[in-house]
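> Any chance you can model this:
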Amino acid sequence: MATVFSRIIAGELPARFVWQDPACVAFLSAAPLQPGHTLVVPREEVDEWVEVDPALVTHLTTVAQQIGKAQVAAFSARRAGLMIAGYEIPHLHVHVWPSTSLADFDLARVDNAPDPADLDDAAARLRAALRDLGHGEVVPQD
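The predicted structure follows:
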């Protein structure tokens, strides 16, 4: 059975995409820690990051780094946080979010009911920042 992320990638479920390339996609988290919290997800359905080809892990972290740079710019964050947890959904995903302190790493603080308008705004800001960084070819239209 396909994971929720595979269904999002297939277009069966909605998401606010900020990056799409042949190997992976990135979209906003439905339960963000901070505005702009993004998940970088391989198109290939694989559960554990230690099981994938090292080239894919390298690509995912390279994309995550670019998204982190865009988050710092778009949300005036001190840093970008990064985490691979993978307990909720058995499909590898890298969390990247704007961070101002270590408290921003507490997954118990996620917003389980974010305002859709806030998510739309965060996606637009992040897409614009990614375009400003020269990634227009992989950033979907608003």
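> So which residues of this protein form strands?
Remark: strands assigned in the chain by DSSP state E are 17-20, 24-28, 38-42, 79-83, 94-99.
> Which elements pack onto the helix ranked longest in the chain?
If you go by DSSP state H, the chain has its longest helix at helix 54-75. When contacts are defined as 3 or more C-beta pairs under 8 Å, 6 or more residues apart in numbering; DSSP states H and E, helix 54-75 packs onto strand 17-20, strand 24-28, strand 38-42, strand 79-83, strand 94-99, helix 116-132. C-betas here are computed from N, CA, C, even on glycine.
> Burial check on Lys69, number of neighbours?
Neighbours of Lys69 under the rule other C-beta atoms under 10 Å: 17.
> pretty sure it contacts Gly134?
No - counting by C-beta atoms under 8 Å, Lys69 does not reach Gly134; the two are 10.7 Å apart.
> quick one, what contacts Leu119?
By C-beta atoms under 8 Å, 6 or more residues apart in numbering, the contact set of Leu119 is Arg16, Leu28, Pro32.
> Would you quantify the distance from it to Leu39?
13 Å (C-beta to C-beta, to the nearest Å).
> hey, what's in contact with both of these two?
Leu28.
> just to revisit the earlier point, now for the strands of the chain, which one comes closest to Ala2?
Within the strands of the chain, the stretch nearest Ala2 is strand 38-42; the backing value is 12.7 Å (C-beta to C-beta).
> quick one: the closest one to strand 94-99, angle?
Relative orientation of strand 38-42 and strand 94-99, computed by axes from the mean of the first three to the mean of the last three C-alpha atoms, to 10 degrees: 160 degrees.
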